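**Student:** Provided below for reference: sequence and predicted model.
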Amino acid sequence: MLRDIFSKKKRYATIPSEQAKQEVPEGLMTKCPKCKTIMYTKELRKAQMVCEGCQHHHSLPAYERVEFTLDEGSFVEFDAGMIAKDPLQFPSYPEKSALDREKTKLNEAVVTGEGTINGIHTVIGVMDSRFRMGSMGSVVGEKITRAIEHAISEDKPFILFAASGGARMQEGVFSLMQMAKTSAALNQLHERGQLFISVLTHPTTGGVSASFASLGDINIAEPGALIGFAGRRIIEQTIRQKLPDDFQTAEFLLEHGQLDLVVHRHELRNTLGTLLELHAPMTGKER
Amino acid sequence: MDQLPFERPIVELRNKINELKAFTAEKEIDLSGEIEKLEARLEQLEKDIYGNLNPWERVQIARHSKRPTTLDYIKYLITDFIELHGDRLYGDDKAIVGGVGKFEGKPVTIIGHQRGKDTKENIKRNFGMPHPEGYRKALRLMKQAEKFRRPIICFIDTKGADPGIESEERGQSEAIARNLLEMAGLRVPIVCVVIGEGGSGGALALGVGDRIMMLENATYSVISPEGAAALLWKDASLAKKAAETMKITAPDLKELQLIDEMIPEVRGGAHRDVEFQANEIRKAISRSLQELEKKSGENLVLKRYEKFKNIGEYTHVNGAIAMK
């Protein structure tokens, strides 16, 4: 453009030196993927990883979820050392699992155990989407089944926080059958009249959404969580049209009668506490 | 196309034999020695090719447009069949058929995925991909079977549950999940046979049984070979490689003890002789039902739970003992 010749705009930019770059340590700040607000990670963590600008719920590492949910110091973990095998000798599966173990400091995509909420005992499972996309293979299925069996034998309620892309491809039909296994275990819990609360967090899709995560006596989701059976891309390819933005969000599911509640993370512990209390006469030791 | 790519040598040789036969008849020349030799060669060729099918070839047979469907087998296996419709909640899904009838003289409930064999029928049947109301119909019929204490036979034959907007709106996830939970608790025998493709959760939703059997050329998988290839190698054309890696064939799954029984197929695939194939299926179901009918409802539920509970391969770190 001709005008550009007369412009007095400075034509250089400031490039931070290597040293300057290092002055801001990795992970000090976190940018909200939704509203782009930049927050101190420390502040964000204090806010249970909820963006103060737009209330976007960031993914939560499993142990942080445990910490935010249970009474302080009450958590006792089950089966912490259980790790995946490689039954199909699937290319690079053991390496990828090892890498995720390193990255997340978790042995698998779910943490299970027991503890109390407002003094009421409960068995709990928390999935972590950072480990192999939270996918369910043999270990996830086994740990959840054992947790349910523990709830049965101790006559305690069961709460599970789902966060998963679905069944784990690398374990093939072993993964598929974990859907049946966990659901069959929940049937045992159900038959005994015990409470199961499913909390669906971002994302809960595929084989996890199509098994235990949809089987709560009460199904709760966090705001904005992606929840659905088929992947968005697959649906778009099938119907050859673009889907609305709110498709498969927690709010969409609530609207269509698939959820009981959508609860803000800051309210979640209270809601769970109240629900446990309301069901306590049916699930407590007094029965 | 009726012929699959790997069958070409067989088809070519068979055509050649037919040509020769026609030629002999026309010219009145005796070439019977020659023909006999070629027929022996054809026999050997069929044995070699059909006897050594690789996973991808089995996938192709499982997807063969002429492959017998649930309704084809019902015709041979069930007398007095009456199809029952609807989930009582939304509609009647044509991708799942079900009803009552007699198997070897005794009342049973039979339910299966139903695909079409041509485009028109496939559109009606949604290519055998059920909507939530299909699974809810299946569950209604299974509960009915439990009420009237008759065994349930499930035929599995789907690429997967329908992936569409309406299915999501009506709770596809919940419909599948509910079937998994409820099937685990049914107090009547459940025998499941994968007759074609067993595609993921949409297949499993009819698959929580006391006996899981597969036809020799059926497949059962957590994701289609194309889907796996696209995810793994960003290239759906590597489906052949994925089919091998994923262990989705009946022989592979039998070896991994993920299924109870493999039902042998007619050489070259079930579509070559439906009646013979139906009879093989009859024998397998009959054997299973005879065993299962002796058990109490409670015992069935307990054993079914144990069966699924035992599936899984894992180990322990931090000095804990290794399991299974």
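**Tutor:** Nice, thanks for sending it over.
**Student:** low pLDDT regions in chain B?
**Tutor:** Flagging of chain B using pLDDT under 70 yields the residue ranges B:1, B:319-324.
**Student:** For the closest residue to residue B:117 other than its chain neighbours, the count of nearby residues, please.
**Tutor:** Distance criterion Cβ to Cβ, 6 or more residues apart in numbering or on different chains; nearest residue to residue B:117, sequence neighbours excluded, is residue B:65 at 6.0 Å. (Each C-beta comes from the backbone N, C-alpha and C, glycine too.) By other Cβ atoms under 10 Å in any protein chain shown, the residues close to residue B:65 number 12.
**Student:** residues of the helix or strand encompassing residue A:180 that come out buried?
**Tutor:** Per DSSP states H and E: residue A:180 is located in helix A:172-191. Buried residues in helix A:172-191, defined by neighbour count with 16 or more other Cβ atoms under 10 Å in any protein chain shown: A:172-190.
**Student:** Same check on stretch A:265-282?
**Tutor:** Buried residues in stretch A:265-282, counted by 16+ other Cβ under 10 Å: A:265, A:268, A:269, A:271, A:272, A:273, A:275, A:276, A:279, A:280.
**Student:** what number of residues lie near the residue nearest to the last one when sequence neighbours are not counted?
**Tutor:** Read it as residue A:280. Once flanking residues are discounted, residue A:280 sits nearest to residue A:120: 6.0 Å by Cβ to Cβ, 6+ apart. Residue neighbour count, defined by other Cβ under 10 Å, stands at 19 for residue A:120.
**Student:** just residue B:91 next, same as before
**Tutor:** Using other Cβ under 10 Å, residue B:91 has 16 other residues around it.
**Student:** Contacts only, for it.
**Tutor:** With contact set as Cβ atoms under 8 Å, 6 or more residues apart in numbering or on different chains, residue B:91 has these partners: B:131, B:133.
**Student:** Tell me the spacing between it and residue B:136.
**Tutor:** Using Cβ to Cβ, to the nearest Å, residue B:91 is found at 10 Å from residue B:136.
**Student:** again with residue B:6
**Tutor:** Residue B:6 is 40 Å from residue B:136, where distance means Cβ to Cβ.
**Student:** ditto for residue A:113
**Tutor:** Taking Cβ to Cβ, one finds residue A:113 at 35 Å from residue B:136.
**Student:** hmm, back to that, comparing residue B:6 and residue B:136, which residue is more hemmed in?
**Tutor:** Between residue B:6 and residue B:136, counted using other Cβ under 10 Å, residue B:136 has the larger neighbour count: 25 against 15.
**Student:** Flag the helix or strand of chain A with the lowest per-element mean pLDDT.
**Tutor:** helix A:18-23 (a mean of 58; mean pLDDT, DSSP states H and E).
**Student:** Could you pull out the buried residues of the helix or strand following that one?
**Tutor:** Next along the chain after helix A:18-23, taking DSSP H and E as the criterion, comes strand A:29-31. For strand A:29-31, the neighbour count (16+ other Cβ under 10 Å) marks residue A:30 as buried.
**Student:** One more: stretch A:55-73?
**Tutor:** A:55-63, A:65-66, A:69-70.
**Student:** Could you tell me the end-to-end distance of it?
**Tutor:** Using Cα to Cα, to the nearest Å, one end of stretch A:55-73 lies 28 Å from the other.
**Student:** Centre of the chain to that stretch, how far?
**Tutor:** Distance, stretch centre to chain centre, for stretch A:55-73: 10 Å (Cα atoms, centre = their mean, to the nearest Å).
**Student:** List of residues touching the one helix or strand residue B:26 maps to?
**Tutor:** In this structure, residue B:26 sits in helix B:8-27 according to DSSP H and E. The contact list for helix B:8-27 (Cβ under 8 Å, 6+ apart) reads B:3, B:29-32, B:34-35, B:38-39, B:41-42, B:45-46, B:49.
**Student:** Can you name the residues of the stretch 51-200 of chain A that neighbour chain B?
**Tutor:** Within the stretch 51-200 of chain A, the positions near chain B by Cβ under 8 Å from any Cβ of the partner chain are A:79-85, A:87-88, A:90-91, A:107, A:138-139, A:141-142, A:145, A:167-169, A:171-181, A:183-188, A:190-191.
**Student:** go again using 6 Å as the cut-off
**Tutor:** By Cβ under 6 Å from any Cβ of the partner chain, the residues of the stretch 51-200 of chain A that approach chain B are A:81-83, A:85, A:87-88, A:138-139, A:141-142, A:167, A:169, A:172-173, A:175-177, A:179-181, A:183-184, A:186-187.
**Student:** Could you tell me which of the buried residues of stretch A:265-282 are located in strands?
**Tutor:** Nothing among the buried residues of stretch A:265-282 maps onto strands, per DSSP state E.
**Student:** any chance of those in a markdown table, plus pLDDT and distance to residue B:144?
**Tutor:** Shown next, in a markdown table, are the buried residues of stretch A:265-282 (pLDDT from 0 to 100; distance: Cβ to Cβ, whole Å):
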| residue | pLDDT | distance to residue B:144 |
| --- | --- | --- |
| A:265 | 97 | 43 |
| A:268 | 98 | 40 |
| A:269 | 97 | 43 |
| A:271 | 98 | 38 |
| A:272 | 98 | 37 |
| A:273 | 98 | 41 |
| A:275 | 98 | 34 |
| A:276 | 97 | 36 |
| A:279 | 95 | 31 |
| A:280 | 86 | 36 |
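**Student:** And those, which is closest to residue B:77?
**Tutor:** Among these, residue A:279 lies closest to residue B:77 (Cβ to Cβ), at 46.5 Å.
**Student:** For chain B, list the residues in contact with chain A, please.
**Tutor:** So chain B meets chain A at B:163, B:168-169, B:171-174, B:176-177, B:180-181, B:184-185, B:201, B:204, B:208, B:220, B:222-223, B:228, B:246-247, B:258, B:305, B:308-309, B:311-318, B:320 (Cβ under 6 Å from any Cβ).
**Student:** Can you flag the buried ones in the contacts of helix B:8-27?
**Tutor:** Neighbour-count burial (16+ other Cβ under 10 Å) applied to those gives B:35, B:38, B:42, B:45, B:46, B:49.
**Student:** residue ranges of the strands in chain A, please?
**Tutor:** So, for chain A - with DSSP E - the strands run A:29-31, A:38-40, A:76-78, A:82-84, A:110-117, A:120-127, A:158-164, A:196-205, A:218-221, A:227-228, A:261-262.
**Student:** Distance from the chain centre to the last one, please.
**Tutor:** Centroid separation between strand A:261-262 and its chain, computed with Cα atoms, centre = their mean, is 15 Å.
**Student:** ok, it: who's next to it in the sheet?
**Tutor:** Sheet partners assigned to strand A:261-262 using DSSP bridges are listed as strand A:218-221 (parallel).
**Student:** Over to the fourth one?
**Tutor:** For strand A:82-84, the paired strands and their directions (DSSP bridges) read strand B:314-316 (antiparallel).
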